[in-house]
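Chemist: Mind folding the following:
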Amino acid sequence: QGLNNLTASVLNLLGKTYLENGKLDNAKRVLFEGLELSRQNDIYEELAKGNQYLAAYFAQIGDFKKAFEYQSQFVSLNDSLENIASRDRLALMQGM
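Modeler: Modelled structure (predicted):
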(Lines give C-alpha, C1' and ligand atoms only; values in the text may rest on other atoms or scores of the structure.)
Protein backbone atom coordinates (compact mmCIF):
# COMPACT_ATOMS: atom_id res chain seq x y z
CA GLN A 1 0.00 0.00 0.00
CA GLY A 2 2.88 2.37 0.81
CA LEU A 3 4.34 1.97 -2.66
CA ASN A 4 0.98 2.74 -4.28
CA ASN A 5 0.64 5.83 -2.09
CA LEU A 6 4.10 7.03 -3.05
CA THR A 7 3.46 6.34 -6.75
CA ALA A 8 0.15 8.23 -6.69
CA SER A 9 1.84 11.15 -4.94
CA VAL A 10 4.67 11.26 -7.50
CA LEU A 11 2.20 11.09 -10.40
CA ASN A 12 0.22 14.02 -8.96
CA LEU A 13 3.35 16.10 -8.44
CA LEU A 14 4.58 15.28 -11.93
CA GLY A 15 1.20 16.21 -13.39
CA LYS A 16 1.21 19.49 -11.47
CA THR A 17 4.71 20.24 -12.78
CA TYR A 18 3.62 19.52 -16.34
CA LEU A 19 0.65 21.87 -15.85
CA GLU A 20 2.88 24.65 -14.58
CA ASN A 21 5.20 24.22 -17.56
CA GLY A 22 2.45 24.16 -20.18
CA LYS A 23 2.89 20.49 -21.12
CA LEU A 24 -0.84 19.87 -21.02
CA ASP A 25 -0.98 16.52 -22.86
CA ASN A 26 1.59 15.03 -20.50
CA ALA A 27 -0.21 16.53 -17.50
CA LYS A 28 -3.53 15.00 -18.53
CA ARG A 29 -2.06 11.54 -19.07
CA VAL A 30 -0.12 11.49 -15.79
CA LEU A 31 -2.94 12.97 -13.69
CA PHE A 32 -5.49 10.45 -14.95
CA GLU A 33 -3.05 7.65 -14.22
CA GLY A 34 -2.58 8.93 -10.67
CA LEU A 35 -6.32 9.38 -10.22
CA GLU A 36 -7.02 5.79 -11.27
CA LEU A 37 -4.30 4.42 -8.98
CA SER A 38 -5.70 6.47 -6.10
CA ARG A 39 -9.24 5.21 -6.75
CA GLN A 40 -8.18 1.58 -6.97
CA ASN A 41 -6.29 1.75 -3.68
CA ASP A 42 -8.55 4.14 -1.71
CA ILE A 43 -5.82 6.77 -1.34
CA TYR A 44 -8.17 9.65 -0.59
CA GLU A 45 -5.59 12.38 -0.01
CA GLU A 46 -4.04 11.78 -3.42
CA LEU A 47 -7.46 11.35 -5.00
CA ALA A 48 -8.38 14.82 -3.74
CA LYS A 49 -5.15 16.32 -5.10
CA GLY A 50 -5.63 14.60 -8.45
CA ASN A 51 -9.12 16.06 -8.77
CA GLN A 52 -7.79 19.51 -7.87
CA TYR A 53 -5.05 19.34 -10.51
CA LEU A 54 -7.43 17.98 -13.15
CA ALA A 55 -9.77 20.88 -12.43
CA ALA A 56 -6.84 23.22 -13.13
CA TYR A 57 -6.01 21.30 -16.30
CA PHE A 58 -9.57 21.54 -17.67
CA ALA A 59 -9.73 25.23 -16.74
CA GLN A 60 -6.51 25.83 -18.69
CA ILE A 61 -7.92 24.21 -21.82
CA GLY A 62 -11.20 26.10 -21.44
CA ASP A 63 -13.48 23.16 -20.56
CA PHE A 64 -15.09 24.84 -17.58
CA LYS A 65 -17.85 22.27 -17.18
CA LYS A 66 -15.30 19.50 -16.58
CA ALA A 67 -13.20 21.87 -14.46
CA PHE A 68 -16.24 22.47 -12.25
CA GLU A 69 -16.93 18.72 -11.97
CA TYR A 70 -13.39 17.94 -10.85
CA GLN A 71 -13.27 20.94 -8.52
CA SER A 72 -16.55 19.81 -6.93
CA GLN A 73 -15.12 16.34 -6.37
CA PHE A 74 -12.01 17.89 -4.84
CA VAL A 75 -14.04 20.07 -2.47
CA SER A 76 -16.19 17.14 -1.38
CA LEU A 77 -13.22 14.85 -0.72
CA ASN A 78 -11.22 17.60 0.96
CA ASP A 79 -14.13 18.46 3.28
CA SER A 80 -14.47 14.80 4.25
CA LEU A 81 -10.75 14.54 4.97
CA GLU A 82 -10.87 17.73 7.06
CA ASN A 83 -13.81 16.36 9.07
CA ILE A 84 -11.95 13.13 9.77
CA ALA A 85 -8.84 15.02 10.84
CA SER A 86 -10.90 17.25 13.14
CA ARG A 87 -12.58 14.24 14.75
CA ASP A 88 -9.19 12.61 15.28
CA ARG A 89 -7.79 15.77 16.90
CA LEU A 90 -10.83 16.08 19.14
CA ALA A 91 -10.56 12.43 20.22
CA LEU A 92 -6.87 12.92 20.98
CA MET A 93 -7.56 16.01 23.09
CA GLN A 94 -10.35 14.25 24.95
CA GLY A 95 -7.99 11.38 25.65
CA MET A 96 -5.47 13.76 27.20
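Chemist: which residues make contact with stretch 43-54 from outside it?
Modeler: Outside stretch 43-54, the residues within contact range by CB atoms under 8 Å, 6 or more residues apart in numbering are 4-5, 8-9, 11-12, 15-16, 19, 27-28, 31-32, 34-35, 37-39, 66, 70-71, 73-74, 77-78, 80-81. Quick note: C-beta positions are derived from backbone N, CA and C, even for glycine.
Chemist: middle-most residue in this structure, spatially?
Modeler: Lys49 (1.8 Å; CA atoms, centre = their mean).
Chemist: Which secondary structure element is home to it?
Modeler: In this structure, Lys49 sits in helix 44-60 according to DSSP states H and E.
Chemist: follow-up on the earlier one: buried ones among the contacts of stretch 43-54?
Modeler: Buried by 16 or more other CB atoms under 10 Å: 8-9, 11-12, 15-16, 19, 27-28, 31, 34-35, 37-38, 70-71, 73-74, 77-78, out of the contacts of stretch 43-54.
Chemist: Of those, which belong to strands?
Modeler: Judged by DSSP state E, strands contain none of the buried ones among the contacts of stretch 43-54.
Chemist: now, which of those residues lie within helices?
Modeler: In this view, the buried ones among the contacts of stretch 43-54 that belong to helices under DSSP state H are 8-9, 11-12, 15-16, 19, 27-28, 31, 34-35, 37-38, 70-71, 73-74, 77-78.
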